[in-house]
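In: Model the following, please.
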Amino acid sequence: MATKTFHGSCHCGQVRYEADIDLSKGTGKCNCTFCTKTRAWSAHIKPEAFRLLSGADALAGYHKNEQAPLKFACKNCHIMVFQKGDAPWMGGPFVSVFVNTLDDADADELAAAPVRYADGRHDNWMNLPKDVRLL
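Out: Coordinates of the predicted model:
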């Protein structure tokens, strides 16, 4: 699979975006408390590959600490849409699009996307957690 422009949105449609993603490069799941509780599954891209089309005023940002990526959710329907961060081990600045918000990704594309697991719960980001069954 090559890079494809996907369109995404929150549940109510106030927040809409497009993102250039190559799902064959992989997606990510983490076992930190936030990702576990929200069942987050994301595709990481460079900031220039992400375009917010509408709903900037409908976004609420959240992060537990300054080092964590800033997660954005719609203030109306409360769906978490994407996050922004900057981490050397991820190549610097990034946007992570939550794949559950992709409107035009089909099941085959998502099923074929490799998943990288990170042990965020123990700040051991470059290694697998002991158990990935619930991620």
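
In: Show me the helices in this structure, by range?
Out: 33-38, 107-112 (DSSP state H).

In: Adding mean pLDDT and distance to Lys75, write these out as CSV.
Out: Placement of C-beta: from N, CA and C, glycine included. What follows is these, written out as CSV (pLDDT from 0 to 100; distance: least, Cβ to Cβ, whole Å):
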stretch, mean pLDDT, distance to Lys75
helix 33-38, 86, 16
helix 107-112, 93, 27
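
In: right, so of those helices, which gets closest to Asp86?
Out: The closest of the helices of the chain to Asp86 is helix 33-38. By Cβ to Cβ, the value is 17.3 Å.

In: next one: the closest one to chain centre, how far?
Out: 12 Å (Cα atoms, centre = their mean, to the nearest Å).

In: One more: stretch 86-97?
Out: 11 Å.

In: Give me the residues contacting that stretch.
Out: Stretch 86-97 is contacted by residues 6, 8, 17, 19, 21, 28, 42-47, 49-50, 69, 81-85, 125-126 when judged by Cβ atoms under 8 Å, 6 or more residues apart in numbering.
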